[in-house]
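Participant: from the sequence below, what's the structure:
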Amino acid sequence: MSDHLKHVSEVTVVSKFGERMREIRLSKDISQLELAKRSGLHRNYISDAERGKRNVSLKCIDKIAFGLGCDVKDLF
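Facilitator: All right, here's what the predicted structure looks like:
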């Protein structure tokens, strides 16, 4: 796979994760600030993750799932 295709694939995964995260958050009527508090992360981190601007670590995915009250698998 070319470097360009690898990059496109990574961007797509990060963006899709962020979209799913936002979808779940909004369905539960939780603000970004509230999710940040529940998950122990900064609001800017939540915002960046939802916009696909941050490659979220596995540890943070677990924290986000906890904050959303869902399983990690629900974020994918």
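
Participant: report the buried residues of stretch 47-61.
Facilitator: Residues 47, 49, 50, 52, 54, 56, 60, 61 are the ones in stretch 47-61 that count as buried (16 or more other Cβ atoms under 10 Å). Just so you know, the C-beta spots here come from the backbone N, C-alpha and C atoms, and that holds for glycine as well.

Participant: gap between the first one and residue 13?
Facilitator: Counting by Cβ to Cβ, to the nearest Å, the gap from residue 47 to residue 13 is 18 Å.

Participant: for the second one, same thing?
Facilitator: Applying Cβ to Cβ, one obtains 12 Å for the distance of residue 49 from residue 13.

Participant: low-scoring stretches of the protein, by residue?
Facilitator: The chain contains residues with pLDDT under 70 at 1-11.

Participant: change it to 50
Facilitator: 4-5 (pLDDT under 50).

Participant: helix, strand or coil for residue 30?
Facilitator: coil (DSSP: H, G, I helix; E, B strand; the rest coil).
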